[in-house]
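Participant: Below are the sequence and a predicted model; questions follow.
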Amino acid sequence: MRKSALAILFSLFTICICSQEVVYEGRMHEDVLSVRWGGIRQYDEYLSPLLYTGQFVALQNEWWQRFGAVTGDGLQATGDWGHAGKVKLQGARLFNRAYTNMIYALGVQGGWGAHYDFCRLMNVEGLSLFAGPYLDFDFFVKEISQNVNKPYSIDLCIDLKAHAGIRYSFAAKRSSYRIGYTVMTGVLGAQFVPEYGQSYYEVTEGIIGGAVGFSSLHNRLTLRHELTFDMQFPHSAWRLGVEHEYVRHSMNNLSFQREQVSLVVAALFNYTTKIRKMR
Amino acid sequence: MKKVSAILFIPVFLMTSCMQEPQYTYENTARGNVEALWDIIDKRYCFVEEKGVDWDAVKTEYLAYADTVKNVREMFALMSSMLDKLHDGHVNLYTDFDVSRNRDWYEGYPEAYSQEIVYSEQYLGKDYMVAGGMQYALIHGNSIGLIRYPSFSSGFTAMNMLFVLGYFDLCDGIIVDVRQNGGGSLEYAKSLASTFMSEPQHVGWWSHKTGEGHYDLSKPEQMRVDTTAYAETRWLKPVVVLCDRHSYSATNFFVSAMRYADNCTIVGITTGGGGGMPMSYELPCGWMLRFSSVKMYDKQMKSIEEGIEPDIKREQKSFFKDDLIETAVQLIEEKHKG
């Protein structure tokens, strides 16, 4: 018990040390490592006509960085354009209402996008407003082991999203805080949906002619938004937040929905990357 | 502070649930489940028309009974009876206490198999060998190899086949007995068929449901059997396949594919059929419904749902000998001499 407590304390200490603001020469870079836990609702007409609900856990790493040069003190990037990326791994377990069947799901999301910061146009202290395109990848595998010949269903999509957000930083009680809200919605892309009665056995035989199609607002609606609250402590920075994600898509006479709401706890790592000097 | 409040509260309204109830929502009552069952079969089952059943009339008839159901067992009995109208062995209802199954596709057909005789000393005996899902032995003075494959749920490897064919190396022919084999994996059925083909064969077609209409089917795609990668696991001498009414599903496909093998004769009675690939779907009460949604055809685009006719029809009539094996032995001997 004592050893476990020591191990937990050591882990927390390590995270605190790691999440403090580290400043090198070069560009400002913010890395956010988060754990997400929450509820998920899933409707997959290919697998089942029933609505499934359950819980999920996710681990996400996202990073934010400005393009452009650095000012003399090495702390402020001056460019109005920035870029952001992320990788998210998630696992879920869902049940139908009758509790007779279960879905196991595993997912990977990733993406990268650029955004323009309008802060200079508005000239309000501490306020940042940004928007830009984002290339997003969503892969979510679901399994109902009791289903014969079609135990799996895959949500697979690559799409271009519109990404926007607002952040407001302020200082209070000898510390600084930041409130942020980011929103992302799909515009166009490509998605994979097996045909109405198609089995994955046929898919593995290479029959995927009608299973890949164009996706846009007419057949795929995605909304991912997150409300965050960042707190800067003496040696570390932390984030608390709520994320909501909703995906609704249809193709080949099949419709799908997925909704997730999660609580976000994250450690923030702020640093500037080192500049390589020419010899 | 006003700005902070605004930023905080606007998104909270946006985070309200977007989820819509599924399109096909039925109440979890006897009536709701009967309606869901009818709807799933109507829209997703690929043989509604081929079975010649008036499915609309079935709905009217059974919905009238739905309100009289008192417990889950009665509901199960009602739904089982409803599914029986399809006379399909691939249509089942799975519950925690029972599984519905139709027997019409094999009951009343002639017998073509006797387990007691097949496992008697004159054929497989008690000391037959087992390689993967295959049971095998030498018969008829060691001149003929007999492979019995009771279920395609059990597989085999190339090494298994290598040993079996090595054991039968000096034989004049092989008998492959798939009687009472109710199916299993299509992949194993294809692998076994590939052993008896000298080159890749187009053996049939398949198409799946693409929409809710009874005739909404995809453009048929070729079903092919590739030849085995190793020459040592290929048998091009005479082969006889024995089948009966219980040769069903993947076995039905195997028998259909073997019609295009190089040196094969099919002996027995018409197979049970099951030429659809079954899949599962749930009812509101959580029971699992199994039905076919992928339709398979032979090379001539004839549905194999109702079974495959053998080249030589034989029934099991003798009490002491296996009439089908004896016919197969005779055929192999004739081919060897001729």
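Facilitator: Yes, it's here. All figures in this text were calculated on a predicted structure; none of them were measured in a lab.
Participant: can you map out the helices along the chain?
Facilitator: You didn't pick a chain, so chain A it is. A:2-18, A:119-122, A:200-204 (DSSP state H).
Participant: Not quite, go with chain B.
Facilitator: Under DSSP H, chain B gives helices at B:2-14, B:30-44, B:55-66, B:72-84, B:115-118, B:158-167, B:186-194, B:250-258, B:323-337.
Participant: neighbouring contacts of the last one?
Facilitator: By C-beta atoms under 8 Å, 6 or more residues apart in numbering or on different chains, the surrounding residues in contact with helix B:323-337 are B:112-113, B:118, B:123, B:139-140, B:143-144, B:146, B:172-173, B:175, B:177, B:179, B:238, B:240, B:242, B:263, B:265, B:267-268, B:312, B:314-317. In short, each C-beta sits where N, CA and C put it, glycine included.
Participant: State the mean pLDDT of it.
Facilitator: Average pLDDT, helix B:323-337: 95.
Participant: for it, which positions count as buried?
Facilitator: By 16 or more other C-beta atoms under 10 Å in any protein chain shown, the buried positions in helix B:323-337 come out as B:323, B:324, B:325, B:326, B:327, B:328, B:329, B:331, B:332, B:333, B:335.
Participant: residue contacts, residue A:34?
Facilitator: A:59, A:60, A:61, A:62, A:239, A:241, A:264, A:265, A:266, A:267.
Participant: Closest one of the residues you listed to residue B:248?
Facilitator: residue A:59 (47.1 Å; C-beta to C-beta).
Participant: coming back round to it: narrow the contacts of helix B:323-337 to just the buried residues.
Facilitator: B:112-113, B:118, B:123, B:139-140, B:143-144, B:146, B:172-173, B:175, B:177, B:179, B:238, B:240, B:242, B:263, B:265, B:267-268, B:314, B:316.
Participant: so which of those residues are also by chain A?
Facilitator: Here nothing survives when the buried ones among the contacts of helix B:323-337 are matched to chain A using C-beta under 8 Å from any C-beta of the partner chain.
Participant: The residue nearest to residue A:98 when sequence neighbours are not counted and residue A:56, how far apart?
Facilitator: Closest residue in space to residue A:98, ignoring its immediate chain neighbours: residue B:286 at 3.2 Å, by C-beta to C-beta, 6 or more residues apart in numbering or on different chains. The spacing between residue B:286 and residue A:56, counted by C-beta to C-beta, to the nearest Å, is 22 Å.
Participant: Also residue B:318?
Facilitator: In terms of C-beta to C-beta, residue B:318 sits 63 Å off from residue A:56.
Participant: Would you mind telling me which of the two has more residues around it?
Facilitator: residue A:56 (21 against 11; other C-beta atoms under 10 Å in any protein chain shown).
Participant: how near is the residue positioned nearest the centre of chain A to residue B:306?
Facilitator: Closest residue to the average C-alpha location of chain A: residue A:88 at 5.7 Å, with C-alpha atoms, centre = their mean. Separation of residue A:88 from residue B:306 (C-beta to C-beta) stands at 51 Å.
Participant: Tell me the gap between stretch B:168-180 and the middle of its chain.
Facilitator: 22 Å (C-alpha atoms, centre = their mean, to the nearest Å).
Participant: quick one: average pLDDT of that stretch?
Facilitator: 96.
Participant: Next: stretch B:191-205.
Facilitator: Summarised as a single mean, pLDDT over stretch B:191-205 is 94.
Participant: Not counting it itself, show me its contacts.
Facilitator: Contacts of stretch B:191-205 (C-beta under 8 Å, 6+ apart): B:149, B:152, B:155-156, B:161, B:165, B:176, B:220-228, B:233-236, B:239, B:253-254, B:256-264, B:296-299, B:301, B:304.
Participant: mind listing what residue B:166 touches?
Facilitator: residue B:232.
Participant: Next, find the distance separating it from residue B:131.
Facilitator: From residue B:166 to residue B:131 the distance is 10 Å (C-beta to C-beta).
Participant: check contacts around the residue of the stretch 51-200 of chain B at minimum distance from chain A.
Facilitator: Relative to chain A, the nearest point of the stretch 51-200 of chain B is residue B:186 (6.9 Å; C-beta to the nearest C-beta). Contact analysis of residue B:186 by C-beta under 8 Å, 6+ apart lists A:201, B:152, B:250, B:253, B:277.
Participant: Can you flag the buried ones in the contacts of stretch B:191-205?
Facilitator: By 16+ other C-beta under 10 Å, those give B:149, B:152, B:156, B:161, B:165, B:176, B:221, B:223, B:225, B:227-228, B:233-235, B:239, B:253-254, B:256-261, B:263-264, B:296-299, B:304 as buried.
Participant: residue ranges of the strands in the chain, please?
Facilitator: Chain wasn't specified; assuming chain A. A:28-44, A:51-66, A:81-96, A:102-117, A:127-143, A:152-172, A:175-192, A:212-216, A:220-232, A:237-251, A:254-272 (DSSP state E).
Participant: think we crossed wires, I meant chain B
Facilitator: Counting by DSSP E, the strands of chain B are B:92-94, B:129-131, B:134-139, B:144-148, B:173-177, B:201-208, B:221-225, B:239-243, B:264-268, B:276-282, B:288-298, B:312-313.
Participant: Correct me if wrong: residue A:261 contacts residue A:246.
Facilitator: No - using C-beta atoms under 8 Å, residue A:261 makes no contact with residue A:246, being 9.3 Å away.
Participant: any idea of the pLDDT on residue 32?
Facilitator: You didn't say which chain, so I picked chain A. 95.
Participant: should've been chain B
Facilitator: 93.
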